[in-house]
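Q: Curious how this folds, go ahead:
(chains A, B, C, D, E and F)
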Amino acid sequence: MAEGKTLTLNMGPHHPATHGVLRIVLELDGEVIVKATPHVGQLHRGIEKIAEGMNFQQVIPLTDRLDYTAASLNNLGYCLAVEKLLGIEVPKRAQYIRVIMGELARIMGHHLWLGSHALDIGAMTVVFYTFRDREMIMNINEEASGYRLTPSYLRVGGLAKDITPDFIKFVRDFVKWFPTAIDGYHTLLTDNIIWRKRTMGVGKVSAEDAVNFGFTGPSLRGSGVPYDLRKVRPYSSYDDFDFQVPVGEVGDVYDRYLVRMEEFKQSINIIDQAIENLPEGPVNVDNPWVANPDLGAVMEDISALIRRFKIQCEGPHAPEGEVYASVEGSKGELGFYLVGDGSEHPYRMKIRSPCYILTSALPKMIVGHMIADVIAIIGSIDIVLGEIDR
Amino acid sequence: MVEFLSILIIKTLVVFAVSMLIVAYSTWIERKVLGHVQLRHGPTRVGFHGLLQPIADGIKGFFKEEVVPDNADKPVFILAPIISIAAALSLLVIIPFGDSVTIMGHKITLYLTDLDIGILYVLGISTIGSYGVMLGGWSSGNKYGVLGGLRASAQMISYELSMALAVISVVMVSGTLSLVGIVEQQAGLWNIVKQPLAFFIFIVCGLAELNRTPFDMPEAEAELACGYNVEYSSMKFALFFMAEYAHMFVFSAMVTTLFLGGWHGPLLPGPVWFFIKTFALIFFCVWERSTFPRYRYDEVMELGWKVLLPAGLLNILLTGLWMVIFNI
Amino acid sequence: MENAKIAETVKGKFGDAVLAEQECCDDLQLVIKAEALLDVMRFLHDDEQLAFDLLIDVLSIDNSQRRRKPRFEVVYVLVSTTHLHRLLVKVPVADELEVPEVPTVTGIWHAAMWAEREVYDLMGIRFADHPDLRRILTWDGFEGHPLRKEFPVEGKDFDKKWDPDTIEVL
Amino acid sequence: MVAYQNLYMALAVVLFIIGAIGAITRRNAIVVFMCIEIMLGAVNLLFITFSRANQSLDGIFMVLFVMAVAAAEAAVGLAIFILMYRKKGTINVESFNLMKW
Amino acid sequence: MDKPDYVINVSSRRPEKGKYLLPLFKGLKYTLQNFFTKPITIQYPQERREVRDRWRGLHRLKVDDQGKLKCVACGLCAKICPPQAITIVPYEEEGQTRYPKEFIIDEIRCIFCGFCQEACPKDAIELTKVYDYVDYHREDFIFDIEKLKHPERFVFTGK
Amino acid sequence: MELIMLLLCGGFAIVTSLMVIFAKNTIHSALWMVASFFFMAVLYLLLRAEFIAILQIIVYAGAIMMFIIYAIMMLNIRQEEGEKAPVRKSKVVGVVALLVLFLELLVVAVNKGVLAMHGPITDQLMQKYGQIAVLSNFLFSDYLLAFELASILLTAGVVGAVVLAKQKQ
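A: Coordinates of the predicted model:
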């Protein structure tokens, strides 16, 4: 085709399939993409900058708003980073509950991914089934923390509160129900010829490329690299649980889909083990500089009252030093790089967001494909703009 | 003459009214069925189980603000929905709802007209309907619209062909192009039994012509953000919307006529059977929409040219052989 | 590979380029001279024993409020997907430069493409030879670098009145 | 015989001439193409008039084959136009003055 | 690359060939089954779901047996509040307990994280189950003591 | 009745055909063309050639014009003939010659009746068997060779179009 005969198409930020306010400027030859330039930043809220002016506990609700589809995992990553900086370790019970909350959040994230991915490709019903099941996790979140989407349940040094008996009942119900729901998703999509045609061979990323592009999480594993932080660097007692890491081979949209579908099952497996083997004990560290004295003690003991004032006003003071801690988020490696300077604020907090790096590879992935594939690929790497723009 | 004319006018009005009612309520069926498949209620607020919803929607559609984009081609922009709805409505003329009844001594046929070349008329007019989609997309001056219009035209041209092939084999079996003739010929055995492959091809092509999932390329709300009707609002959008559902009704009626024996059926009177079959097909259209993902544009073309077209040809060949061998 | 052994290997190869070696909790942090950065990084990526093939992140620290020299530091987080070890590489940015600058590692890891753009956007550190160094999270024409410590948390002009029609500060 | 056959013939002539004038005056290849279709249509009209006047089917068959030719012509012609547009960026007939490119 | 033993390969599940029509019909059957199940959505606001006990809704300033505010205006909640939505003006009289003269929560700024409830040493503030307060003006969302005492008045009734 | 229809449709056909030439926008030209084909189809109907009329709509309006509009949309030609090229002498001569031809033909058309050689196909025959049956009888016997040739032509057209429009890899 002669030069200058391409069509420039502005996809987003108000486009139903860009999962938020992502804007991609596409250059089209017919329907084939010649060039793609993603523009991000429409949702930039400066969380890293805001965090510098807050104390360590106050940052927790902010982290909820990163990847709001899987909020507890962000809490977990942040709390682990701070705890690593402070050099404390939370009790076993808190760790197990954190694992449960984290895995539930991962399932929530994958639910939203599956629903919107299928919706992008045109299967409009799957999203309602995933939201039916997501609702159950929302109820669990609500039972634990009082909020459904952004629970802010974790705290530096433990949890906000201990769980209730209803929580355990809800989780057990969910664990029991969810495998049938997964079968339902498989029935609707996996073998469906249209779904296969839309996803197989689309957006192929080889293992070398995936590593070079900085992929992490299911997108990396879909390309065949078995890198999972839960196995590689077990945190929060993940080494207590027996689970497997699903890995693809081809690295196309379909493989990433299969990997995530299998992760549903593995997460359920982990939750099942954690809820059955839940240890007794406290859920907060026994550290006077971190843990909030409970109300009963405050009423009676003046020193507890003072301590409560101290902790609520300032929170824990971090030692001077730098730390990088990361968790396996639902989208990939979610890392927090914290710099402490001896005060109660994080001197510098850098969030390593998996989606940001995934999006940077988008132009390489979609060139040569058609418009319809663009949304399939965007769906398959599962980006959340709250996390990209921070 | 006066008698003939008055019967004709009354019949036209009745057919128009009934058809518009069906069109309106097929939107209700769509929303209700989709809702229940998706574990929702669908419309519930206006009237009992939302039964007045189509009327409320219609009123809303007609009274909303009209927006014509600045760089739209205004005459074409206005013309497009009119073409769409006009084509859809003129297809209603030849639908055979039933055989004939005798009312007050007059023998009244339950179809407006029985054309000698009925099937050709259907094929011809339904292509005209696709002009509306194409021009609507092109004239709104929106890139998504243009892409939608392009997709629509390519898809319609491709699928028209296979659809015609499927129809031809039916015509071969029936020996007539008149729709009434085809229905009468099916009194004993429905064509779906004689022509299962043609039935399948016709359904697939029909869905493609209707721009319904899995072939809703021209709208594809996920990729093209509604495609050809992205810039349309209020009345003009309502016309497109109505045309879409009118086409769906006509498609269901055509399948009923060509393959499911039209008004034939035991016990119940003819028109009832006709409507039962038609509504079953409308239900099917909604049902499959709720289940299937969307094809990609090039895959749609591939399916049309590489699968359905050869299949249609093969079907004609087999039908011909069968007719020659058994000397029908 | 053990942290100590990584440090040993790198030091053995680039003795004087490694300014310091410190533990960040359980991770090893190597401080590398900016001039030698590219060579060290390429070695880290290519060497079979190290094979840091996955660049997790690039970030920067503004030390102006904790009285440390130099003012800016850039940190690279590296991971090996084969040997599963992790390394933090820190590069001090020379204070003398008018615009702080370090060499880009986009030639080694594509992942650095946007990570470096973000550092440039928010901290104002240039990456020499970066193929596409534009602002990314803030808009084109934005002034200042928000993560620098002197940038107000509320943002600039936050309390001024602005004209809703032209979106300009009055 | 057919009623008003002279009128039909006159109409065909008028249409033919309109088509011909368009074909030589317009520069846009696609419009030229459409003008040729008008001319074909005029001829078709004439054929059908004769066919009806003479109580013969020959005219109708002629029209059928004209349509077949027109369809084939449209396919090939438009393919050529698209190719031309890709090569030269225009479909102005006056710029097509080369036998090869 | 040799794979660790905890890895399972999902690509073995890929149906590369075949299975054209049957899965489509299976899908149709699945959706048809769901067509005949009961909808799970709630017809809000006629039907309302019961929220759990820990729900974090509008704030309530608790009162003691004599109908006085429990709050002593210590300012802990205002300090911990991440979006700084709480403003307290304390008032002290000679020989009296400290109490807030003004206690203002900007419910638009508030992110309902529940930190104020956790911080309070007197158990004077709590988050209620009221979750659907709507109004027309931004000013209506700035709650003073009077409004904060009775948040249940702000339950949305559909009118 | 027939005269009114004839005059109306003929008039519209002429007007729309003129609009094809005079419309600035190529898509508008094409749309006028479609309208013109419709009126021609009505004329065919008046001449009792329903089959040809419907074929006109299917083939011309449905397929050929669809192709043309598709091509215009794909090439995104809105105002292509923008620059005012000087009017060429040859064109003027051509138009004048055509007008002369027009007058001649018109004289012929208006004055000279066609010889009414009655062919074998009477209206009664058509009425009895239906037009399609009669047509197909002849098409598949007397005109079989021509029919087959037409199909070969169409196939060649399709192949040619595909070859031409295919982008070189």
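
Q: Per-residue pLDDT of the closest residue to B:Leu79 other than its chain neighbours, please?
A: Leaving aside its chain neighbours, B:Leu79 sits nearest to B:Leu135 (6.7 Å; criterion: CB to CB, 6 or more residues apart in numbering or on different chains). Any C-beta I mention is one placed from the backbone N, CA and C, and that applies to glycine too. Model confidence at B:Leu135, given as pLDDT, is 84.

Q: Following the chain onward from the least confident helix or strand in chain F by mean pLDDT, which element is next?
A: The helix or strand of chain F with the lowest confidence, counting by mean pLDDT, DSSP states H and E, is helix F:123-129 at a mean of 67. From helix F:123-129 onward toward the C-terminus, using DSSP states H and E, the following helix or strand is helix F:131-139.

Q: mind checking how far the next helix or strand after that following helix is from the chain centre?
A: In the C-terminal direction, the helix or strand that comes right after helix F:131-139 (DSSP H and E) is helix F:144-165. Relative to its parent chain, helix F:144-165 has a centroid offset of 19 Å by CA atoms, centre = their mean, to the nearest Å.

Q: check whether helix F:144-165 contacts chain A.
A: No - on the criterion CB under 8 Å from any CB of the partner chain, helix F:144-165 is out of touch with chain A, staying 11.4 Å away.

Q: dump the residue contacts of residue 90.
A: Defaulting to chain A. A:Val90 sits next to A:Glu83, A:Arg98, A:Gly157, A:Gly158, A:Val283, A:Asn284, A:Val285 when contact means CB atoms under 8 Å, 6 or more residues apart in numbering or on different chains.

Q: wrong one, I was asking about chain E
A: The neighbours of E:Pro90, taking CB under 8 Å, 6+ apart as the test, are E:Ala73, E:Gly75, E:Arg98, E:Tyr99, E:Pro100, E:Lys101.

Q: Which strands and helices lie in contact with the strand or helix carrying the last one?
A: E:Lys101 belongs to strand E:99-106 when assigned by DSSP H and E. Of the remaining helices and strands, those touching strand E:99-106 by 3 or more CB pairs under 8 Å, 6 or more residues apart in numbering or on different chains; DSSP states H and E are strand E:86-91, strand E:142-143, helix E:145-149.

Q: Let me know which of these is tucked in deepest.
A: Per residue and on average, the most neighbours among the helices and strands packed on strand E:99-106 fall to strand E:142-143, with a mean of 20 (mean count of other CB atoms under 10 Å in any protein chain shown).

Q: coming back round to it: could I get the helices and strands packed on strand E:99-106 as a markdown table with mean pLDDT?
A: What follows is these, written out as a markdown table (pLDDT from 0 to 100):
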| stretch | mean pLDDT |
| --- | --- |
| strand E:86-91 | 83 |
| strand E:142-143 | 84 |
| helix E:145-149 | 82 |
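
Q: The closest residue to chain A within chain C - nearest residue in space that isn't next to it in sequence?
A: Using CB to the nearest CB, the point where chain C gets nearest to chain A is C:Ala111, with a distance of 2.4 Å. If the residues on either side of it in the chain are set aside, C:Ala111 comes closest to A:Gly214, at 2.4 Å by CB to CB, 6+ apart.

Q: residues contacting that neighbour?
A: Neighbour list for A:Gly214: A:Ile357, A:Leu358, A:Ser360, A:Ala361, C:Leu54, C:Leu55, C:Ile56, C:Trp109, C:His110, C:Ala111, C:Ala112, C:Ala115 [criterion: CB under 8 Å, 6+ apart].

Q: What helix or strand is it located in?
A: Element membership for A:Gly214, per DSSP H and E: none, as it lies in no helix or strand.

Q: Just the pLDDT for it.
A: A:Gly214 is assigned a pLDDT of 85 by the prediction.
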